[in-house]
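> below are the sequence and a predicted model for it; my questions follow.
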Amino acid sequence: MPQSFTDTAPNFRGVERLVRGTPTSDGAGVKLTRVLTQDLQHRLDPFLMLDNFASDNPDDYGAGFPDHPHRGFETVTYMIAGRMRHKDSAGNEGLLQNGGVQWMTAGSGLVHSEMPEQEAGVMEGFQLWLNLPAKDKLCRPSYRDIQSANVPELTTPTPNPDGSPGGVLVRVISGSSHGVKGAMHRPATTHPTDTLYLDLHFPAAGADFLQDIPAGYNAFLYAYRGQANIMDAQGHPTAVPSQRMAIFDNTGDAVRIRAQGARALLIAGRPLKEPIAQYGPFVMNTREELIAAVEDFQNGRMNSGAQKQAN
């Protein structure tokens, strides 16, 4: 993923379509919106799912996500507000709180829980499922807790190279933006999905955010506060209302997002182009591998030690 936007005649991507999330519940009844659903997995490869949970009613989140297994992919949980305690079958434990990120590689399999540590107030955040290539699906599990203070931030220069207003606060969770590497910067040579994950905070006065995205990478924007506008190569805007996902087309090598006071997630990655076989919390390449995953879980074989990475 390029480290900075360049001003050498970028070809800005337009919007292929807008997606409205599906209200649902998961865990022990936690109410959430499933933004990236299973029918979009091939179109947005390597991303498998994006959930947005947001409520100030403890009845909507209080029961949390008790013990459940995962195999074959990674979960990236980003907390906007609230406190969530992680525990897993390898004995690891961590507290996810305001502005923090938990990046868990399920690999060969883990059983874990994510439980709220609050009885009142706002609970808000996102969980992204990121696929693993076939060669890594049975890798050793690991997880990393990244506290908010350790998530790199930058403010884009104003004006931008083309004279448009800048001043966008960018939290770089993964990948790189404008020369700043993310909290989970992982070389494309070892992690072929080369994931970009940015949280964009636009100033009240309005600004443009510009980011290189390599041709062929799949990308989407989710506006979670206010409206964002995606500007195509001809300068035509497509409005992305709050709580909507915009899927970028794949014809360009950069994106331009214009907004006033909005907040949005920009996520992109290189597709794996491999078969996807999913059964609930297991994501493999074949039906036979799914059967093996279920049998391993039923027989207690998802309790191997996981590596906890220090931040």
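The structure has been received and is ready for your questions.
> so how far is the first residue of stretch 40-54 from its last?
Length of stretch 40-54, first residue to last, C-alpha to C-alpha, to the nearest Å: 22 Å.
> look up phi and psi at Ala293.
phi -60, psi -50 (degrees, to the nearest 10).
> residues in contact with it?
Listed by C-beta atoms under 8 Å, 6 or more residues apart in numbering, the contact partners of Ala293 are 71-72, 109, 279, 282, 284. C-betas here are computed from N, CA, C, even on glycine.
> try Arg20
Contacts of Arg20 by C-beta under 8 Å, 6+ apart are 243-244.
> look up how far Asp51 lies from the residue positioned nearest the centre of the chain.
Nearest residue to the geometric centre of the chain (C-alpha atoms, centre = their mean): Leu128, 4.1 Å. Look at Leu128 and Asp51: by C-beta to C-beta, to the nearest Å, they are 8 Å apart.
> that older thread, narrow the contacts of Ala293 to those that are buried.
71-72, 109, 282, 284 (16 or more other C-beta atoms under 10 Å).
> picking that back up, widest-spaced pair of the contacts of Ala293?
Gly109 and Tyr279 (13.2 Å; C-beta to C-beta).
> what bridges to Met123?
Legend: beta-bridge partners of Met123 under DSSP bridges are Ser55.
> tally of neighbours for it?
Neighbours of Met123 under the rule other C-beta atoms under 10 Å: 24.
> what of Leu50?
So Leu50, with other C-beta under 10 Å, has 23 neighbours.
> how many residues are close by the closest residue to it other than its chain neighbours?
In space, and not counting its chain neighbours, Leu50 is closest to Leu36: 3.8 Å by C-beta to C-beta, 6 or more residues apart in numbering. Using other C-beta under 10 Å, Leu36 is surrounded by 25 other residues.
> what is the burial count for the residue lying closest to Ala204 once chain neighbours are set aside?
Spatial nearest neighbour of Ala204, excluding adjacent residues (C-beta to C-beta, 6+ apart): Gly261 at 4.5 Å. Residues contacting Gly261 under the criterion other C-beta under 10 Å number 14.
> Glu119 now?
Neighbours of Glu119 under the rule other C-beta under 10 Å: 7.
> give the contact list for the nearest residue to it once chain neighbours are set aside.
Spatially, and ignoring its direct neighbours in sequence, Glu119 is nearest to Pro58 (5.8 Å; C-beta to C-beta, 6+ apart). Contact analysis of Pro58 by C-beta under 8 Å, 6+ apart lists 116, 118-120, 123.
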